[in-house]
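S.K.: quick one, what's the 3D model for this:
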Amino acid sequence: MDATIAFPLLVGLVAVALFFDFLNGLHDAANSIATIVSTRVLRPHYAVLWAAFFNFIAFLFFGLHVAETVGKGIIDASIVTPAVIFAALVGAIVWNIVTWVAGIPSSSSHALIGGLVGAGVAKAGLGAIVWSGLGKTVAAIVLSPATGFVLALVLILIVSWLFVRQTPFAVDNSFRVLQFFSASLYSLGHGGNDAQKTMGIIAVLLFSQGALGPTFHVPLWVVLTCQSALALGTLLGGWRIVHTMGSKITRLNPMQGFCAESGGAITLFAATWLGVPVSTTHTITGAIIGVGAARRVSAVRWGIAGNIVVAWVITLPATAAISALTYLATRLAG
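M.R.: Below is the predicted model of the structure:
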């Protein structure tokens with residue numbers, strides 16, 4: 001591919017980016033609905049409708065800081081070409097499909113970041129990397145699940161103290177209602193952080209082709225199409241991963257589901273405000289482990305949690321390698 005391409009090919013690349021966004025929603029639907037489904041507050045098909053709605057309207061509540069970080073804060077925007085974007089997307093899409101089929105809740109966000117890094121380095125070497133932006137993202141691999149864990153743990157201790165005099169039946173009924181609120185907030189945070197990553201990819205692609213003028217920005221049509229693609233993916237669900245997230249790590253009741261979702265939502269809101277592209281998968285997994293550990297350490301299936309952590313660790317290098325090879329193959333074919 002050349003640095004500048006014909007309009008039909010540009011449209012095709014935007015379509016590939018939106019396909020990744022759709023897969024992101026499909027893959028990460030579990031993040032939004034696993035807790036509310038596993039606690040039997042909502043049936044799965046109603047839960048995905050609920051989550052998809054809040055995924056879509058998230059752009060009304062958040063700025064575009066994450067999109068700007070992905071668009072110009074991971075690799076140098078000046079070295080971005082259609083071939084780089086194509087290779088980055090292929091790496092992320094391949095990894096998403098592999099982990100979705102295997103039922104592994106890996107991070108779509110870090111798959112995309114790894115893809116950008118791999119393709120950028122294959123084109124221009126290590127100098128292509130914006131180390132400050134990549135550093136924030138890598139730090140979030142540790143900080144987002146840790147923050148979700150701590151917040152969920154603290155919330156469940158506070159809630160347990162506040163409701164200590166109520167009967168289990170009354171507590172269960174109260175939190176069946178409150179979980180609608182916490183699930184809405186988490187889906188809002190998911191839509192606000194995750195859709196912006198694809199917005200950043202499309203915006204930097206358009207910018208590299210001179211379609212945005214002299215300054216980098218994210219057009220409204222990009223915002224709306226990305227939110228729509230993510231919401232559609234969420235609507236179709238990711239049932240394999242819902243099972244892993246909702247019941248294999250630990251068993252949840254409505255109070256625990258509320259605390260996990262609330263802790264995760266606070267983490268996502270803060271990260272989106274700071275412009276840090278975090279993993280919604282990491283965040284909700286940390287929160288679920290937090291509420292399980294609050295009950296008792298043995299309530300968490302640490303073997304399953306360990307397998308998930310392994311997937312987190314290898315996501316960045318695996319997608320970087322796939323994207324680098326894709327970029328080199330593209331250059332040889334061109």
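
S.K.: so for the helix or strand containing Val98, what gets flagged as buried?
M.R.: Counting by DSSP states H and E, the element that carries Val98 is helix 82-102. Within helix 82-102, the residues scored as buried using 16 or more other Cβ atoms under 10 Å are 82-96, 99-100. Glycine gets a C-beta too; all of them are placed from N, C-alpha and C.

S.K.: which stretches of this structure have low pLDDT?
M.R.: 1-5, 29-32, 105, 237-251, 296-308, 334 (pLDDT under 70).

S.K.: repeat the analysis, applying 50 as the threshold.
M.R.: Along the chain, the parts satisfying pLDDT under 50 run over 1-2, 245-246, 249.

S.K.: could you name the helices and strands sitting against the biggest helix by length in it?
M.R.: In the chain, taking DSSP state H as the definition, the longest helix is helix 168-208. On a contact count with 3 or more Cβ pairs under 8 Å, 6 or more residues apart in numbering; DSSP states H and E, helix 168-208 meets helix 7-38, helix 44-57, helix 65-72, helix 82-102, helix 108-124, helix 220-236, helix 254-274, helix 280-295.

S.K.: mind redoing it with 6 Å?
M.R.: helix 7-38, helix 44-57, helix 65-72, helix 220-236, helix 254-274 (3 or more Cβ pairs under 6 Å, 6 or more residues apart in numbering; DSSP states H and E).

S.K.: can I get stretch 229-236 as PDB, trimmed to CA atoms?
M.R.: Provided in PDB are the C-alpha atoms of stretch 229-236 (Å, rounded to 0.1, in the frame of the first residue of the first chain):
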ATOM      1  CA  ALA A 229     -20.600  -0.900  15.900                       C
ATOM      2  CA  LEU A 230     -19.700  -1.500  19.500                       C
ATOM      3  CA  ALA A 231     -23.300  -1.500  20.600                       C
ATOM      4  CA  LEU A 232     -24.300  -3.900  17.800                       C
ATOM      5  CA  GLY A 233     -21.500  -6.300  18.900                       C
ATOM      6  CA  THR A 234     -22.600  -6.100  22.500                       C
ATOM      7  CA  LEU A 235     -26.200  -6.800  21.300                       C
ATOM      8  CA  LEU A 236     -25.100 -10.100  19.700                       C
END
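
S.K.: which of the residues in it are buried?
M.R.: Buried residues in stretch 229-236, counted by 16+ other Cβ under 10 Å: 229-235.

S.K.: repeat that for stretch 191-208.
M.R.: For stretch 191-208, burial by neighbour count (16+ other Cβ under 10 Å) applies to 191-208.

S.K.: then stretch 33-49?
M.R.: Buried residues in stretch 33-49 (16+ other Cβ under 10 Å): 33-39, 41-42, 44, 47-48.

S.K.: now it, how far from the centre of its chain.
M.R.: 19 Å (Cα atoms, centre = their mean, to the nearest Å).

S.K.: end-to-end on that stretch?
M.R.: Chord length of stretch 33-49, first to last residue, is 10 Å (Cα to Cα, to the nearest Å).

S.K.: same question for stretch 49-67.
M.R.: 25 Å.

S.K.: how about residues contacting that stretch?
M.R.: Contact with stretch 49-67 is made by 32-33, 184, 187-188, 191-193, 196, 199-200, 218, 223, 227, 230-231, 234-235, 272, 275, 277, as judged by Cβ atoms under 6 Å, 6 or more residues apart in numbering.

S.K.: Gly257 contacts Thr39, doesn't it?
M.R.: Yes - with contact defined as Cβ atoms under 6 Å, Gly257 and Thr39 form a contacting pair (4.3 Å).

S.K.: ok, and what's touching stretch 321-331?
M.R.: Contact with stretch 321-331 is made by 83, 87-88, 90-91, 94, 115, 118-119, 122, as judged by Cβ under 6 Å, 6+ apart.

S.K.: identify the farthest-apart pair in these.
M.R.: Using Cβ to Cβ, the contacts of stretch 321-331 span at most 16.5 Å, a distance reached by Ala83 and Val94.

S.K.: Pro8 and Val14, how far apart?
M.R.: Noted for Pro8: a distance of 11 Å to Val14, by Cβ to Cβ, to the nearest Å.

S.K.: these two - which one has more neighbours?
M.R.: Val14 (18 against 7; other Cβ atoms under 10 Å).

S.K.: relative to His45, how far out is the more buried one?
M.R.: 30 Å.

S.K.: can you tell me which two in the buried residues of stretch 33-49 are farthest apart?
M.R.: Within the buried residues of stretch 33-49, two members stand farthest from each other by Cβ to Cβ: Thr39 and Val48, at 15.5 Å.

S.K.: which residues does Ile129 bridge with?
M.R.: Beta-bridge partners for Ile129, by DSSP bridges, are Ile75.

S.K.: tell me how many other residues crowd it.
M.R.: Counted with other Cβ under 10 Å, the neighbours of Ile129 add up to 18.

S.K.: cool, and Val66?
M.R.: Using other Cβ under 10 Å: Val66 sits among 27 other residues.

S.K.: got it, and Thr283?
M.R.: Thr283: 34 surrounding residues under other Cβ under 10 Å.

S.K.: what of Gly257?
M.R.: 28.

S.K.: residues in contact with it?
M.R.: By Cβ under 6 Å, 6+ apart, Gly257 lies in contact with 35, 39, 179.

S.K.: could you rerun that using 10 Å?
M.R.: 34-41, 175-176, 178-179, 182-183, 246, 287-288, 291 (Cβ atoms under 10 Å, 6 or more residues apart in numbering).
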